[in-house]
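Chemist: Provided below are the primary sequence and the corresponding predicted coordinates.
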Amino acid sequence: MKTNILILFIVLFAPLGNVLLSKGDIFHILLKIVTSGYIWLGIACLLIFFVAYMLVLTWADYSYVQPASSFSYAAVALLGYFLLGEPVPPMRWMGILVICVGVFIVGNTHPRTTGKA
């Protein structure tokens, strides 16, 4: 259960952090960067992603975690579409669907095939 919860954090917070950082006016005046709420929220999301990713790698095999976290590709497309107003062509949606099917296949395997060290 804890593995699945942290994979959910990975799937949500990495794309959300990147989207928030892209909204953060990075190339303008340094003062605006430091005071941008989007920048700080983006950094916080990426820190949560990093901690969740490191923790889940201690509980599950990399060969399980990496494919399972690929569901974040769907989250990136959805966030880009709804928060940034980016168009997502049908072919890209089909590719995301293929990735998600693969994630569901990987998700039905046991997350750990090795013994605890």
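Modeler: Sure thing, it's come through. Numbers count the residues shown, from 1 in each chain.

Chemist: tell me the buried residues in the helix or strand of the chain at the bottom of the mean pLDDT ranking?
Modeler: Least confident element among the helices and strands of the chain, by mean pLDDT, DSSP states H and E: helix 30-35 (a mean of 72). Residues of helix 30-35 include none that count as buried (16 or more other Cβ atoms under 10 Å). Bear in mind the C-beta positions are built from the backbone N, C-alpha and C, glycine included.

Chemist: now swap in stretch 71-90 and tell me
Modeler: So, applying 16+ other Cβ under 10 Å, buried residues of stretch 71-90: 71-77, 79-80.

Chemist: run through who's touching the longest helix belonging to the chain.
Modeler: Counting by DSSP state H, the longest helix found in the chain is helix 37-59. Identification of contacts with helix 37-59 by Cβ atoms under 8 Å, 6 or more residues apart in numbering yields 2-3, 6-7, 9-10, 13-14, 16-21, 23-26, 33, 65, 69, 111-112.

Chemist: shaky segments in the chain?
Modeler: Scanning the chain for pLDDT under 70 picks out the ranges 24-30, 115-117.
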